[in-house]
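J.: sequence plus predicted model, see below.
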Amino acid sequence: MLEINNIYKTFNAGTVNEKRALNGVNLKLNDGDFCTVIGGNGAGKSTVLNSIAGVWPVDSGEILIDGKDISGLPEHKRAPYLGRVFQDPMTGTVADMEIIENLAIAARRGKRRGLSWGVKKSEKDKYREMLKEFDLGLEDRMTTKVGLLSGGQRQAITLLMATIQKPKLLLLDEHTAALDPKTAAKVLELSDKIIEENHLTALMVTHNMKDAITHGNRLIMMCDGKVILNIEGEEKKKLTVEHLLQKFEEVSGSKIENDRMLLSE
Ligand SMILES: Nc1ncnc2c1ncn2[C@@H]1O[C@H](COP(=O)(O)OP(=O)(O)O)[C@@H](O)[C@H]1O
Ligand SMILES: [Mg+2]
């Protein structure tokens with residue numbers, strides 16, 4: 001489904017700020033794979049997701065979705081394949097528009113029918129059902145402006161917007177990192193549910209090792225612009241934090257120095 005072949009990306013090439021962010025990344029995801037991504041700060045996790053989304057072109061290598069090389073396509077031409085949710089709950093939704101308007105816009109993205117025709121009752125009913133499943137009480141607040149919601153509620157709406165058109169690939173970049181632990185757990189639970197019910201393929205960056213272990217059927221670890229660990233199948237199911245740390249030491253020959261990752265319980 002997704003095939004990343006040997007991609008490289010250097011920022012600010014030829015200047016004192018030159019930074020090789022991706023150093024030959026390879027990754028293959030099958031249809032329905034839910035792969036968590038961990039690694040220290042600056043390991044290249046967000047850069048991989050940005051490369052897939054086409055925020056800028058990669059320097060070399062290719063990115064294929066369903067066998068089609070998309071690495072030459074501009075960002076807006078890749079958007080129909082992708083759903084994205086970022087860390088900041090303020091991005092992704094329009095604050096001064098109602099919940100229902102935000103959802104309707106997401107449902108119409110890339111289509112000719114605009115919002116000027118209004119939102120039909122059948123469509124409203126559909127959204128109400130979806131929101132009800134979230135169990136956040138949002139189904140009774142559909143005309144509330146999104147700006148009045150909590151961060152967690154906004155991330156839940158963003159998640160629904162990112163998946164309403166059933167993208168081929170869902171990209172989640174630390175999308176619960178800015179939320180309090182309880183809300184984060186709730187949004188993660190929703191993510192699981194949406195991914196499973198819609199049979200989505202997903203990449204989820206997290207700095208929380210436990211979350212990376214308990215969610216998804218695959219896990220990769222990045223370090224210095226490379227994928228240094230790729231765990232799947234039975235091994236992923238049986239994985240523990242201790243085992244993961246040991247694996248990391250085997251592969252990298254050093255102890256994990258990133259306290260942010262270690263401290264995330
Ligand atoms: N747009 C950019 N311009 C310059 N440097 C960047 C840019 N994006 C990322 N980098 C650098 O590339 C490296 C990898 O960053 P990133 O992928 O964001 O790491 P993380 O694994 O924490 O998500 C870092 O050193 C970062 O500073
Ligand atoms: Mg990042």
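T.: In hand now; what should we look at? Residues are numbered from 1 along each chain as shown. Ligands and ions are numbered 1, 2, ... in the order given.
J.: can you check the pLDDT for residue 84?
T.: We have a pLDDT of 95 for residue 84.
J.: sec struct for the closest residue to it other than its chain neighbours, please.
T.: Nearest non-adjacent residue to residue 84, counting by C-beta to C-beta, 6 or more residues apart in numbering: residue 171, 4.7 Å away. All C-beta atoms are positioned from the backbone trio N, CA, C, and that covers glycine. What DSSP: H, G, I helix; E, B strand; the rest coil gives for residue 171 is strand.
J.: who is residue 171 paired with across the strands?
T.: residue 84, residue 203 (DSSP bridges).
J.: gap between it and ligand 1?
T.: Separation of residue 171 from ligand 1 (C-beta to the nearest ligand atom, to the nearest Å): 12 Å.
J.: residue contacts, that residue?
T.: By C-beta atoms under 8 Å, 6 or more residues apart in numbering, the contact set of residue 171 is 49, 52, 53, 82, 83, 84, 85, 202, 203.
J.: distance to ligand 1 added to those, as JSON lines?
T.: Formatted as JSON lines, these follow (distance: C-beta to the nearest ligand atom, whole Å):
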{"residue": "49", "distance to ligand 1": "8"}
{"residue": "52", "distance to ligand 1": "12"}
{"residue": "53", "distance to ligand 1": "12"}
{"residue": "82", "distance to ligand 1": "17"}
{"residue": "83", "distance to ligand 1": "19"}
{"residue": "84", "distance to ligand 1": "14"}
{"residue": "85", "distance to ligand 1": "14"}
{"residue": "202", "distance to ligand 1": "17"}
{"residue": "203", "distance to ligand 1": "12"}
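J.: looking at this structure, which helix is longest?
T.: helix 181-197 (DSSP state H).
J.: which parts of the stretch 151-265 of the chain are helices?
T.: All helices of the stretch 151-265 of the chain, identified by DSSP state H, counting those that start in this stretch, fall at 151-163, 181-197, 209-214, 233-238, 241-252, 259-263.
J.: tell me the mean pLDDT for the shortest one?
T.: Pointing back at helix 259-263 there. 51.
J.: same check, this time on stretch 19-26
T.: Mean pLDDT, stretch 19-26: 97.
J.: tell me the buried residues in stretch 54-62?
T.: By neighbour count on 16 or more other C-beta atoms under 10 Å, the buried set for stretch 54-62 is 54, 58, 61.
J.: quick one: which helix or strand includes the residue of the chain found nearest ligand 2?
T.: Closest residue of the chain to ligand 2, C-beta to the ion: residue 46 (3.1 Å). Element membership for residue 46 (DSSP states H and E) is helix 45-53.
J.: for that helix, list the C-alpha coordinates in PDB.
T.: Only the C-alpha atoms of helix 45-53 are listed here, as PDB (Å, rounded to 0.1, in the frame of the first residue of the first chain):
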ATOM      1  CA  LYS A  45       9.700  11.200  12.400                       C
ATOM      2  CA  SER A  46       7.800  14.400  11.400                       C
ATOM      3  CA  THR A  47      10.100  14.700   8.300                       C
ATOM      4  CA  VAL A  48       9.000  11.300   7.100                       C
ATOM      5  CA  LEU A  49       5.300  12.200   7.500                       C
ATOM      6  CA  ASN A  50       5.900  15.600   5.800                       C
ATOM      7  CA  SER A  51       7.700  13.700   2.900                       C
ATOM      8  CA  ILE A  52       4.700  11.500   2.400                       C
ATOM      9  CA  ALA A  53       2.400  14.500   2.500                       C
END
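J.: great, nothing more from me.
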